[in-house]
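1. Any chance you could fold what I've pasted below:
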Amino acid sequence: MIAGPDRSRLTAWVAFAIVIAGSAALFGFDLGRRVLATNDEARFPVMARDILSHGHWLLPETSGGPMLNKPPLHAWLIALAAWPTGVVSQRAAVVPSFLGAVIVVMLTCWTARRLFEPDVALAAGVIVATTAGMCALARSAVPDMTLATGIVAAMAAFVAAEIGGRRNAWLGFYVLVGLSCWVKGPAGLLPLLVALVYEWATFGWRGVARMRAGVGVAILVILIAPWWALAANTGRDQFVHDVVRADMMQGYNPLRAVSWHRVAEPLNAAATILFPWSLLLPFAVWWTARRWKTTAAAGERLSLVWALVVFVVVAASSRQRWRYYLPLCVPGALLIAPWLSGRLVRRNTRATLIAGAIAAAILAVGGVYVTARDNRITQFPAITRALEGTLAPVFALDVPELVFSFYLERPIQAITTVAEVRGVDPPLYILARDAPAESFERSAEGRVNGRSVVLWVERPFAHAARRAEHE
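-> Got it, this is the predicted structure:
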């Protein structure tokens with residue numbers, strides 16, 4: 001017989017194992033079934049394919065040119081997932097997000113265990129694993145789950161340094177922040193901002209001085225600067241226009257596109273990405289705020305600061321997308337878990353696992369429905385057959401060119417007007433919703449994300465007639 005503390009410890013480990021295994025099953029039961037229907041979803045798989053095909057590890061290309069808007073870490077992970085077969089498939093494209101989601105659950109349990117009690121850690125793991133955002137983006141090819149993994153890992157290092165008193169953990173914190181920046185650029189600095197706000201709110205400027213800022217800045221410069229310098233040197237004009245102006249100055253500008261809609265949109269995104277647990281979040285926030293000055297509430301203070309900083313920063317940016325709020329899931333779980341555990345007086349572990357199983361079942365059914373729906377509205381087998389065996393160039397006019405690049409396994413260049421392909425010899429193919437010019441005829445039709453896309457072809461005689469008209 002196992003008695004006393006040993007039995008309690010064994011029970012806790014079994015419960016955590018159930019949570020991790022259940023999370024992996026929830027995230028991976030239909031892994032790779034959902035089609036990639038947007039440029040955002042197809043971008044990094046296309047970059048990974050270029051890495052495997054041409055060895056462009058530092059500056060992978062999309063549509064014949066280097067991708068300078070985002071660092072390539074997520075593309076590297078997809079390429080590594082596809083390395084055994086050499087094929088970047090739908091399934092391989094989402095493996096990094098799946099593994100990242102499982103790691104996020106594990107790190108959430110680890111962090112909560114050091115901030116709270118074992119029962120709270122178990123509840124936090126269950127809650128974060130069964131949020132709508134985690135379940136949806138664990139099976140997505142976009143880099144947001146990889147970014148969330150980096151942010152949570154950095155915050156775990158911060159907890160080890162600040163709460164656990166391990167001074168060397170600060171070095172790990174800055175290294176992980178730097179690696180997060182290799183996923184989506186400046187968004188990777190979120191853990192640094194959370195740490196700064198927490199230290200200042202808790203200890204004043206004396207707390208900020210404890211963060212080993214000199215060493216931290218040096219680490220961040222060493223890790224972040226090389227890729228940005230390489231990207232700026234490779235495509236100076238494109239880098240300045242696409243990255244510095246469009247992505248950073250406009251994307252992170254809180255005063256751009258100000259409207260009443262911008263007030264409600266972040267609240268809706270936060271509520272839906274944390275669903276169904278967001279129903280409990282207001283009570284947890286109120287309870288945490290009342291305990292702010294309690295000396296034993298360091299974990300609650302950190303969770304509240306973490307959640308508020310993430311929400312405010314993402315909500316203030318002019319570019320609003322639902323998936324950008326994914327980093328809110330972990331601090332949201334860390335807020336709800338201690339409040340909820342305090343109300344489950346008896347059979348805490350069993351009640352937590354049952355609640356998690358119910359939430360997982362709801363999300364799994366919803367996920368199956370959404371996947372089936374999305375797959376129905378993105379189909380273009382006729383276009384694939386029409387282009388089979390031809391080496392003629394294909395262009396895309398106001399349609400997601402990277403989606404077709406991924407599934408047709410050929411580079412497809414985006415154009416804004418048909419005049420950009422005036423000098424291209426026929427046969428000339430253009431993917432567009434409407435006829436690019438009178439000289440083009442319909443070849444095949446499909447749908448992407450519910451919208452009709454037609455493959456238009458310009459035959460040699462039509463090309464000659466159009467050329468004669470222009471001359």
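
2. Which segments of the protein make up each domain?
-> 13-375, 381-470 (automatic domain parsing).

3. okay if I get the ones you listed as CSV plus mean pLDDT and mean neighbour count?
-> Where C-beta positions appear, they are placed from N, C-alpha and C, glycine not excepted. Below are those laid out as CSV (pLDDT from 0 to 100; neighbours: other Cβ atoms under 10 Å):
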stretch, mean pLDDT, mean neighbour count
domain 13-375, 89, 19
domain 381-470, 86, 17
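
4. shouldn't T371 be in contact with R33?
-> Yes. Counting by Cβ atoms under 8 Å, T371 touches R33, with 5.6 Å between them.

5. Can you name the residues that contact A270?
-> By Cβ atoms under 8 Å, 6 or more residues apart in numbering, the contact list for A270 reads S278, F311, A315, Y325, L328.

6. rerun that using 7 Å as the cut-off
-> If you count contacts by Cβ atoms under 7 Å, 6 or more residues apart in numbering, A270 has them with F311, Y325, L328.

7. What is the nearest of those to I415?
-> Distance to I415 across these (Cβ to Cβ) is lowest for Y325, with 33.5 Å.

8. hang on, the closest one packs against A269?
-> Yes. Counting by Cβ atoms under 7 Å, A269 is a contact partner of Y325 at 4.7 Å.

9. Dump the contacts of A270 to TSV, plus distance to S89 and secondary structure.
-> Shown next, in TSV, are the contacts of A270 (distance: Cβ to Cβ, whole Å; DSSP: H, G, I helix; E, B strand; the rest coil):
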residue	distance to S89	secondary structure
F311	36	helix
Y325	29	helix
L328	31	helix
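
10. Can you add distance to V215 and give the residues you listed back as TSV?
-> Shown next, in TSV, are these (distance: Cβ to Cβ, whole Å):
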residue	distance to V215
F311	29
Y325	32
L328	29
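
11. Dead centre of this structure: give me the residue that sits there.
-> Against the mean C-alpha coordinate of the chain, by Cα atoms, centre = their mean, the closest residue is D144 at 1.0 Å.

12. Let me know whether that residue touches L137 as I believe.
-> Yes. Counting by Cβ under 7 Å, D144 does reach L137; the two are 5.5 Å apart.

13. residue ranges of the helices in the stretch 301-450 of the chain, please?
-> 329-341, 348-376, 381-387, 401-408 (DSSP state H, counting those that start in this stretch).

14. now the ones you listed as CSV including distance to N449?
-> CSV is the format used below for the helices of the stretch 301-450 of the chain (distance: least, Cβ to Cβ, whole Å):
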stretch, distance to N449
helix 329-341, 25
helix 348-376, 8
helix 381-387, 15
helix 401-408, 8
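
15. so which of the ones you listed comes closest to S452?
-> S452 lies closest, by Cβ to Cβ, to one member of the helices of the stretch 301-450 of the chain: helix 381-387, at 11.2 Å.

16. Can you tell me which of the contacts of A270 is closest to I51?
-> Y325 (29.3 Å).

17. So V128 versus A360, what's the distance?
-> Per Cβ to Cβ, to the nearest Å, V128 is found 12 Å from A360.

18. Over to F16?
-> F16 is 16 Å from A360, by Cβ to Cβ.

19. Tell me what angle the helix or strand containing T108 forms with helix 401-408.
-> Element membership for T108, per DSSP states H and E: helix 90-115. For helix 90-115 against helix 401-408, the angle by axes from the mean of the first three to the mean of the last three Cα atoms, to 10 degrees is 120 degrees.

20. ok now helix 90-115, how far from the chain's centre?
-> Averaging C-alpha positions (Cα atoms, centre = their mean, to the nearest Å) puts helix 90-115 12 Å from its chain's average.
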